[in-house]
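Undergrad: Predicted structure and sequence below. I'll ask about it afterward.
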Amino acid sequence: MEGKNFIPVINRREISKVFIENVILIEQDLRKVVIYTDTEDEQYSQYGKIDEVEAFLDDRFFRCHHSCLINMKKIVKMREQTIFFENGRKIVVGREKFHAAKQRFAGYLMQEASSKKLLAHSVGL
């Protein structure tokens, strides 16, 4: 996990360190990669490919479309091919990718619940 806690964003206006725990989703928009965060609904963009940014991410991110990566930790619910995020943002995905994302999200939730249960048990709660 060392070295994977932020995404460097370099463009003409600024150079930024975008922390991955704040990232909601990342989209490819023509030749630019746009990173949406939950920090005051900020977004960052730079020229490049989504594959280059994906190298900085960990397993909480899932490619729900060839041009979109989502952060499982920021999802509130998934319904009718729509993914809803904590900050109110939502995206619509195709049926097959939605099914795959839904399965991945269910697995992520179960893993999170089980790790919290283990933590509570080890602390004696």
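TA: Structure received. What you see is a predicted model, and the numbers here were worked out from it, not measured in a lab. Residues are numbered from 1 along each chain as shown.
Undergrad: Please count neighbours and contacts with C-alpha atoms only from this point.
TA: Fine.
Undergrad: Check what pLDDT residue 3 gets.
TA: pLDDT for residue 3: 47.
Undergrad: which intervals of the protein have sub-threshold pLDDT?
TA: In the predicted model of the chain, residues 1-4, 116-125 satisfy pLDDT under 70.
Undergrad: same thing but 80
TA: 1-4, 40-41, 115-125 (pLDDT under 80).
Undergrad: Helices along that one, start to end?
TA: 50-54, 95-123 (DSSP state H).
Undergrad: Would you point to the one among those helices that's packed deepest?
TA: helix 50-54 (a mean of 15; mean count of other C-alpha atoms under 10 Å).
Undergrad: Could you list every helix and strand in contact with that one?
TA: Packing partners of helix 50-54 (3 or more C-alpha pairs under 8 Å, 6 or more residues apart in numbering; DSSP states H and E): strand 23-29.
Undergrad: Return the distance of the strand it packs on from the chain's centre.
TA: Its chain's C-alpha centre and that of strand 23-29 lie 8 Å apart, by C-alpha atoms, centre = their mean, to the nearest Å.
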